[in-house]
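S.K.: Got a predicted structure plus its sequence, pasted below:
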Amino acid sequence: NNLWITFTLLSFLSTFFKQAQKLDMTCLKSVFHRFHRLYYYYYPSNNKKNKGESMIHFSINKNLFLQALNTTKRAIGSKNAIPILSTVKIDVTNEGVTLIGSNGQISIENFISQKNEDAGLLITSLGSILLEASFFINVVSSLPDVTLDFKEIEQNQIVLTSGKSEITLKGKDSEQYPRIQEISASTPLVLETKLLKKIINETAFAASTQESRPILTGVHFVLSQHKELKTVATDSHRLSQKKLTLEKNSDDFDVVIPSRSLREFSAVFTDDIETVEIFFANNQILFRSENISFYTRLLEGNYPDTDRLIPTDFNTTITFDVVNLRQSMERARLLSSATQNGTVKLEIKGGVVSAHVHSPEVGKVNEEIDTDQVTGEDLTISFNPTYLIDSLKALNSEKVTISFISAVRPFTLVPADTDEDFMQLITPVRTN
């Protein structure tokens with residue numbers, strides 16, 4: 001049928017141009033206008049905004065819309081190699097409004113349902129459009145009323161009306177936006193959102209920020225025996241590992257998720273979202289709740305075997321109060337940051353533990369640290385206090401047990417008053 005239409009139109013054009021010289025200008029305009037209408041009647045996809053097609057029109061609670069926009073914007077980078085990725089895609093269907101943002105690494109789909117009473121969403125007509133994300137969000141946040149009316153007009157332009165304010169913005173054709181790779185909705189791994197965020201908080205900080213070894217910028221998630229989950233992160237100077245047994249069986253997996261993506265996940269999925277479904281593909285993972293779909297690429301390569309790095313026998317063990325030890329390290333760090341190697345020296349002698357920093361330019365720190373228990377040999381060891389502070393921040397316990405082998409071997413931290421299988425490791429710094 002389309003072939004016949006094309007042939008008919010070409011025949012019409014051939015006859016038209018043969019007779020064109022015999023027609024006056026008014027007649028020519030009339031004939032061309034009729035052809036233009038005929039062409040777009042049969043080929044509507046070539047003219048998104050033709051007369052018969054509806055354009056976006058909806059009204060919504062401004063604050064809820066702004067919150068959803070800000071959540072989606074977490075996937076939109078400020079500097080994108082692909083300019084179209086600086087836009088947010090707004091897709092309006094009979095079910096609701098979907099906001100889509102992506103930076104190539106992370107993609108977020110945020111759905112506002114028409115059934116959500118807090119949204120006050122009233123949809124008049126459907127469609128989709130792209131708008132410059134940062135600029136659009138700034139405009140929406142500045143609108144005066146609690147209700148926002150969003151109406152699309154000709155040539156991918158929209159009119160925002162709120163109270164007595166009316167703002168017109170230029171958008172882009174949504175067909176320019178790259179498609180998000182679909183992930184098969186097979187049986188998902190279901191986790192409590194609070195539990196997953198806790199795992200991320202306990203491990204992601206230890207991942208590397210250097211791209212020289214990309215695999216170390218991620219967190220290694222391994223599920224074995226269908227319910228034994230192990231997560232590990234290391235930057236080769238420190239390591240954090242969490243193990244737990246899941247309540248329900250799931251398919252085994254072995255993936256490395258970028259730590260940056262996991263931190264964004266923690267910001268996007270608030271604590272009022274009770275559970276999250278996790279789906280895996282070859283090079284991608286999807287975290288999904290009722291209204292949010294969070295996609296991120298996985299890191300490629302083999303994660304190093306970290307089990308061999310973890311010691312089991314120790315010569316000195318100390319139990320500290322977490323808050324007291326952290327405050328001592330923060331005081332020591334104030335001066336250690338001014339030293340050449342940025343370290344603090346921990347001295348264990350006769351059951352007494354003390355911290356020392358000496359900076360010729362700034363001054364020195366000598367502080368005895370309270371302990372709950374000290375066993376084993378005397379020891380003097382130097383390390384980066386920031387690593388210890390970060391480790392203490394990740395602990396969800398009041399007491400910590402730190403175990404040492406020697407001045408040049410890594411030492412470990414474990415919570416002293418819980419039965420969690422959570423262990424951290426820090427490599428010392430050799431000093432003169």
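M.R.: In hand now; what should we look at? Numbering: from 1, shown residues only.
S.K.: contacts and neighbour counts: CA atoms only from here.
M.R.: Noted.
S.K.: Q327 belongs to a helix, doesn't it?
M.R.: Yes - judged by DSSP: H, G, I helix; E, B strand; the rest coil, Q327 forms part of a helix.
S.K.: and E202, which of the three is it?
M.R.: Here E202 is recorded as helix under three-state DSSP.
S.K.: who's in contact with the closest residue to it other than its chain neighbours?
M.R.: Spatial nearest neighbour of E202, excluding adjacent residues (CA to CA, 6 or more residues apart in numbering): A394 at 4.9 Å. Taking CA atoms under 8 Å, 6 or more residues apart in numbering, we find A394 in contact with N201, E202, T203.
S.K.: Let's see the pLDDT reported for A394.
M.R.: Looking at A394, its pLDDT stands at 96.
S.K.: and it, what are its phi and psi?
M.R.: Here is the backbone geometry of A394 (degrees, to the nearest 10): phi -80, psi -10.
S.K.: same question, E211
M.R.: phi -80, psi 0.
S.K.: The nearest residue in space to it that is not next to it in sequence: how many residues sit nearby?
M.R.: Spatial nearest neighbour of E211, chain neighbours left out: T217 (7.2 Å); criterion: CA to CA, 6+ apart. A count of neighbours around T217, defined by other CA atoms under 10 Å, yields 25.
S.K.: Against I108, how distant is T217?
M.R.: 21 Å (CA to CA, to the nearest Å).
S.K.: before we move on, which element is N80 in?
M.R.: Using DSSP states H and E, N80 falls within no helix or strand.
S.K.: ok, it touching N103?
M.R.: Yes - counting by CA atoms under 8 Å, N80 does reach N103; the two are 7.0 Å apart.
S.K.: Please identify which of these two sits among more neighbours.
M.R.: N103 (22 against 13).
S.K.: Contacts only, for the more buried one.
M.R.: Here N103 is in contact with A75, I76, G77, N80, L85, S86 (CA under 8 Å, 6+ apart).
S.K.: If we use 10 Å, what do you get?
M.R.: By CA atoms under 10 Å, 6 or more residues apart in numbering, the residues touching N103 are 73-82, 84-87, 296.
S.K.: isn't there a helix covering S261?
M.R.: Yes - membership of S261 in a helix is supported by three-state DSSP.
S.K.: Thought L286 was touching it, still the case?
M.R.: No - checked against CA atoms under 10 Å, the pair S261 and L286 is beyond contact range at 11.2 Å.
S.K.: The helix or strand containing H356 - what's its average pLDDT?
M.R.: With secondary structure defined by DSSP H and E, H356 is part of strand 352-359. Mean per-residue pLDDT for strand 352-359: 93.
S.K.: Quick check: what element follows it along the chain?
M.R.: Following strand 352-359 in sequence, per DSSP H and E, is strand 363-369.
S.K.: Mind listing the shared neighbours of S261 and L286?
M.R.: Common neighbours of S261 and L286, using CA under 10 Å, 6+ apart, are I106, S107, F294, Y295, T296, R297.
S.K.: For the third one, which three-state class applies?
M.R.: When states are read from three-state DSSP, the local structure at F294 comes out as strand.
S.K.: And for S212?
M.R.: Going by three-state DSSP: S212 is coil.
S.K.: wait, what's in contact with it?
M.R.: S212 neighbours (CA under 10 Å, 6+ apart): none.
S.K.: Ok, the one 3 residues further on next?
M.R.: With contacts defined as CA under 10 Å, 6+ apart, I215 is in contact with 207-208, 233-235, 256-258, 298-304.
S.K.: go on, K393?
M.R.: Contacts of K393 (CA under 10 Å, 6+ apart): N201, E202, F205, V322, V323, R326.
S.K.: So which of the residues you listed is the closest to T93?
M.R.: Set against T93, the nearest of the contacts of K393 by CA to CA is N201 (36.7 Å).
S.K.: tell me which residues form a beta bridge with R297?
M.R.: For R297, the beta-bridge partners are Q284 (DSSP bridges).
S.K.: Run the angle between the one helix or strand A267 maps to and strand 292-297 for me.
M.R.: Counting by DSSP H and E, the element that carries A267 is helix 259-268. Angle, helix 259-268 to strand 292-297, by axes from the mean of the first three to the mean of the last three CA atoms, to 10 degrees: 170 degrees.
S.K.: what does helix 259-268 contact?
M.R.: Here helix 259-268 has contacts from 68, 70-75, 105-108, 110, 193-194, 196-198, 200-201, 203-209, 216-220, 233, 287, 292, 294-298, using CA under 10 Å, 6+ apart.
S.K.: Next, work out how far apart the residue nearest to E211 and L298 are.
M.R.: 11 Å.
S.K.: Find residues that contact each of these two.
M.R.: Joint contacts of T217 and L298 (CA under 10 Å, 6+ apart) are V256, I257, P258.
S.K.: Quick check: phi and psi on the second one?
M.R.: Which is I257. Per degrees, to the nearest 10, the backbone of I257 is at phi -110, psi 130.
S.K.: and stretch 93-113, how far apart are its ends?
M.R.: With CA to CA, one end of stretch 93-113 sits 10 Å from the other.
S.K.: For that stretch, what does the pLDDT average out to?
M.R.: Mean predicted lDDT for stretch 93-113 stands at 96.
S.K.: List the buried residues for that stretch?
M.R.: 93, 96-113 (16 or more other CA atoms under 10 Å).
S.K.: and what of stretch 342-351?
M.R.: G342, T343, V344, K345, L346, E347, I348.
S.K.: These in strands, which ones?
M.R.: Counted as lying in strands by DSSP state E, out of the buried residues of stretch 342-351, are V344, K345, L346, E347, I348.
S.K.: The last one against D378, yeah?
M.R.: It stands for I348. Yes - between I348 and D378 a contact is recorded at 5.1 Å, counting by CA under 10 Å.
S.K.: So for these two, which residues contact both of them?
M.R.: With CA under 10 Å, 6+ apart, I348 and D378 have common neighbours T316.
S.K.: Can you name the two of the ones in strands among the buried residues of stretch 342-351 that sit furthest apart?
M.R.: V344 and I348, at 13.1 Å, using CA to CA across these.
S.K.: Which neighbours do those two have in common?
M.R.: A355, I381.
S.K.: where along this structure do the helices fall?
M.R.: Listed in chain order, the helices of the chain (DSSP state H) span 2-19, 25-42, 62-73, 133-142, 193-203, 259-268, 322-336, 385-394.
S.K.: and these, which one's lowest on average pLDDT?
M.R.: In terms of average pLDDT, helix 25-42 trails the rest of the helices of the chain, at a mean of 41.
S.K.: if we can go back for a sec, quick check: neighbours shared by N80 and N103?
M.R.: Joint contacts of N80 and N103 (CA under 10 Å, 6+ apart) are S86.
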